[in-house]
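Trainee: build the 3D model from these lines:
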Amino acid sequence: MRRLPFLFALLFASSISHAEPPELDWLELMPDDDRQALEEMPDISHDTPEGDGDFTARGGLKQKARDLPAVMYSAKTVPALNGREIRLGGYPVPLENDAKGRSTAFFLVPYPGACIHLPPPPPNQIVLVRYPKGFRVEDISIPLWVDGRLRVEKVSNELADAAYAIEASAVEPVEEEAL
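Mentor: The predicted structure is shown next:
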């Protein structure tokens, strides 16, 4: 009978260690003033140049328009999120692949087609995901759950500017209705 409490404690500890991290909403990545500015923003054009070819030739996720409200260029972050284990749902924009064709680095964005619709999300709505284990991206319109440690980290390359990065511990496809 002395083993029963030990077994319950072991089962409880095991279930805690395999629990999913808390889910983070994309708007939580924005400071309050940015969130308010986004809510008050007038409608903007969402031209869709899908027929123009590869999105990387057009600049990808980088803001090209200079006449948008300031919130659309914002790289302001929420420092309290730095180092938190989180779960974030979004859509991949592949960057680097391993020898087996699995994506080991990609940008995660809040909506599908962010790389081909203009304007793209602001830097504080783009997250660089590093996942050395790799994940096969079959279709960029299939949403993913990304679990891992979020970092406030400015990342800039020819494709995008991001204000956050995640060292992913897990990446998995998710039903879009669950996002």
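
Trainee: and the residue nearest to the spatial centre of the chain, how far is that from A99?
Mentor: The residue lying closest to the centre of the chain (C-alpha atoms, centre = their mean) is L108, at 3.2 Å. Distance, L108 to A99, using C-beta to C-beta, to the nearest Å: 23 Å. Yep, even glycine has a C-beta here, placed from its N, CA and C like the rest.

Trainee: go ahead and confirm the residue nearest to the centre of the chain touches R130.
Mentor: No. Here L108 lies out of contact with R130, judged by C-beta atoms under 8 Å, at a distance of 10.9 Å.

Trainee: now the common contact residues for these two.
Mentor: Jointly contacting L108 and R130 under the rule C-beta atoms under 8 Å, 6 or more residues apart in numbering are I166.

Trainee: helix or strand right after the lowest-mean-pLDDT helix or strand in the chain?
Mentor: The weakest-scoring helix or strand in the chain, judged by mean pLDDT, DSSP states H and E, is helix 3-17 (a mean of 42). The element immediately downstream of helix 3-17 (helix or strand, assigned by DSSP states H and E) is helix 32-40.

Trainee: chain center to that following helix: distance?
Mentor: 19 Å (C-alpha atoms, centre = their mean, to the nearest Å).

Trainee: show me what counts as buried in that helix.
Mentor: 34, 37-38 (16 or more other C-beta atoms under 10 Å).

Trainee: CA atoms of that helix as PDB?
Mentor: C-alpha atoms of helix 32-40 as PDB (Å, rounded to 0.1, in the frame of the first residue of the first chain):
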ATOM      1  CA  ASP A  32      -0.600  47.200 -26.100                       C
ATOM      2  CA  ASP A  33       0.000  50.400 -28.100                       C
ATOM      3  CA  ASP A  34       0.600  48.300 -31.300                       C
ATOM      4  CA  ARG A  35      -2.500  46.200 -30.700                       C
ATOM      5  CA  GLN A  36      -4.600  49.300 -30.300                       C
ATOM      6  CA  ALA A  37      -3.100  50.900 -33.400                       C
ATOM      7  CA  LEU A  38      -3.900  47.700 -35.400                       C
ATOM      8  CA  GLU A  39      -7.500  47.700 -34.200                       C
ATOM      9  CA  GLU A  40      -7.900  51.400 -35.200                       C
END
